[in-house]
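**Student:** Below are the sequence and a predicted model; questions follow.
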Amino acid sequence: MNHSDKIAADKTSLGFEFQDLVYIEKLIELRPGQTLGLEVHDDIHIETAANDASIENFLLVQVKHSVDSGNITDRDIDLWKTIYNWLKLVPSLPSSRTLRFQLYTNKSINNQAFVSLLKAPLHNIQAILDHIRKTNQEISAAESKKKPDDSPNPLAKYVQSISQAHDEELKFIFERFEFYSDNSSIISRISSALRQLSIPTSRLEDTRKHVIGAFKESKFSRIIAGEKVAITFDDFRIAMGFDRIIRSARAEPTDFEQFVDIYYSYQRPDRLSFINSKFHDQLKDIGISDNEIVDRGVEMMLAEQFMESLQKAGSFSATENSRLENKAFTEWKLLHNQSHRNAIDGDEAAHQKASLGCYDQTMRNPLKAGNIELPSNLSCGKYIKLSDIPRIGWRKNWQNRF
């Protein structure tokens with residue numbers, strides 16, 4: 001073994017990092033009235049307070065990580081050590097109305113005899129007890145045949161201690177036992193939990209790192225101060241700044257400028273027509289050329305696709321899009337009233353000129369989303385979309401006509 005091998009981080013340290021990340025995942029899922037503990041009663045525990053401040057629900061979680069994630073087997077030392085620890089722990093647990101024990105692992109659950117029984121422990125209590133005693137007999141028999149200098153089976157002491165427990169003690173554990181197996185990336189699961197809080201995809205990585213950093217700092221400070229790492233919903237949301245982190249992530253300005261790249265990279269088909277559209281009829285009526293009508297149609301089509309992509313990415317909501325269209329309507333209405341204020345009924349030439357002026361001024365009038373001015377092609381696309389509904393028009397009597 002060279003020097004680098006000697007000083008390299010032990011792979012077992014990954015287990016502690018995994019435990020911290022699982023803890024962070026559960027912090028994000030925390031609900032009002034809940035407290036999440038780390039290395040207090042178990043690897044992780046979750047207690048839920050009742051209205052009278054007593055403990056309504058209590059969940060103990062043993063977190064087991066394997067670098068080479070395979071299957072949990074009947075002779076898996078993590079499984080037996082977990083049961084052993086819970087048996088020792090039960091007498092010291094605080095009183096609660098309900099209690100559950102969860103083995104949280106990145107290994108898969110196979111179909112071996114003992115593991116299969118533990119998938120539905122409530123229905124297999126007696127079979128589980130019988131299997132424990134049988135396993136102890138088999139291991140004890142194998143150990144008795146070993147030579148004095150042979151290494152003992154590390155599983156033996158845990159299996160023996162468990163097999164010597166009273167049936168009531170074992171039933172108490174297994175009636176409340178559940179597996180939680182997930183070999184997907186814990187990093188991906190944290191990102192997924194954040195995504196459900198409407199964090200834009202573009203901000204997920206930075207937000208995840210901020211949350212992990214906030215937890216690590218809080219954990220370090222608590223340990224230095226000699227305090228237990230037990231974090232309430234309010235601690236996490238306010239003192240650790242999770243709410244602030246979320247607000248900051250959601251407040252990232254939407255990059256509307258990327259629409260310019262989308263618009264100019266769009267490859268138009270040789271034959272593109274919007275002849276069956278309401279906006280086409282309105283523009284044709286005031287003398288707009290076919291080529292310009294197609295330009296406006298492309299802007300409308302790409303603008304709608306772009307807004308849908310922003311909504312799917314979580315960076316611009318449907319509510320914000322509706323607000324933008326209401327602003328567009330307001331801008332158009334002012335221009336429409338101004339353009340037709342002095343129009344004389346029966347003077348078609350003057351009316352046509354006023355209609356064209358309304359259209360031209362509207363197309364040159366940029367829209368804003370918050371304080372961000374939209375690219376002109378995107379603004380035009382939104383106006384044309386409204387004329388296609390049709391919600392706006394260019395003639396004074398456009399509503400009667402279209």
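**Tutor:** Cool, the structure landed. Numbering: from 1, shown residues only.
**Student:** The stretch 201-350 of the chain: strands as residue ranges?
**Tutor:** 229-232 (DSSP state E, counting those that start in this stretch).
**Student:** Any regions of the stretch 301-402 of the chain where pLDDT drops low?
**Tutor:** Scanning the stretch 301-402 of the chain for pLDDT under 70 picks out 314.
**Student:** again, only using 50
**Tutor:** Applying pLDDT under 50 to the stretch 301-402 of the chain flags no residue at all.
**Student:** how about the helices in it?
**Tutor:** 318-340, 348-363, 376-388, 398-401 (DSSP state H, counting those that start in this stretch).
**Student:** out of those helices, nearest to Ala303?
**Tutor:** Checking the helices of the stretch 301-402 of the chain against Ala303 by CB to CB gives helix 376-388 as the closest, at 2.8 Å. (C-beta placed from N, C-alpha, C; glycine too.)
**Student:** Show residues contacting that closest one.
**Tutor:** For helix 376-388, the external contacting residues (CB atoms under 8 Å, 6 or more residues apart in numbering) are 256, 259-260, 263, 277-279, 282-283, 296-297, 299-304, 306, 324-325, 328-329, 332, 362-367, 374, 392-394.
**Student:** Kindly recompute the last result at 7 Å.
**Tutor:** Contact with helix 376-388 is made by 256, 259-260, 263, 277-279, 282, 296, 299-300, 302-304, 324-325, 328-329, 332, 362-363, 366-367, 392-393, as judged by CB atoms under 7 Å, 6 or more residues apart in numbering.
**Student:** Equivalent analysis for stretch 245-252, please.
**Tutor:** Leu197, Ser198, Ile199, Pro200, Arg203, Thr207, His210, Val211, Ala214.
**Student:** From the contacts of helix 376-388, keep the buried residues only.
**Tutor:** For the contacts of helix 376-388, a burial check counting by 16 or more other CB atoms under 10 Å picks out 256, 259, 263, 277-279, 282, 296, 299-300, 302-304, 324-325, 328, 332, 362-363, 367, 392-393.
**Student:** need the longest strand for this structure.
**Tutor:** strand 55-64 (DSSP state E).
**Student:** Give me the packing partners of the next helix or strand after that strand, helices and strands only.
**Tutor:** Going down the chain from strand 55-64, the next helix or strand is strand 71-72, by DSSP states H and E. Using 3 or more CB pairs under 7 Å, 6 or more residues apart in numbering; DSSP states H and E as the contact test, no helix or strand touches strand 71-72.
**Student:** Quick check: what element follows strand 71-72 along the chain?
**Tutor:** That would be, after strand 71-72 and using DSSP H and E, helix 77-89.
**Student:** residues of the next helix or strand after that following helix that come out buried?
**Tutor:** The helix or strand immediately downstream of helix 77-89 is strand 98-105, counting by DSSP H and E. If you call a residue buried by 16+ other CB under 10 Å, then strand 98-105 has these buried ones: Leu99, Phe101, Gln102, Leu103, Tyr104, Thr105.
**Student:** which secondary element of this protein has the worst mean pLDDT?
**Tutor:** helix 3-7 (a mean of 41; mean pLDDT, DSSP states H and E).
**Student:** domain ranges for this structure?
**Tutor:** 8-250, 258-401 (automatic domain parsing).
**Student:** what mean pLDDT does the first one have?
**Tutor:** Same thing as domain 8-250. Averaged across domain 8-250, pLDDT comes to 92.
**Student:** Run the chain-centre distance for that domain.
**Tutor:** Taking CA atoms, centre = their mean, to the nearest Å, the mean C-alpha location of domain 8-250 is offset from the chain mean by 21 Å.
**Student:** how far is stretch 342-362 from where the chain is centred?
**Tutor:** On CA atoms, centre = their mean, the centre of stretch 342-362 falls 52 Å from that of its chain.
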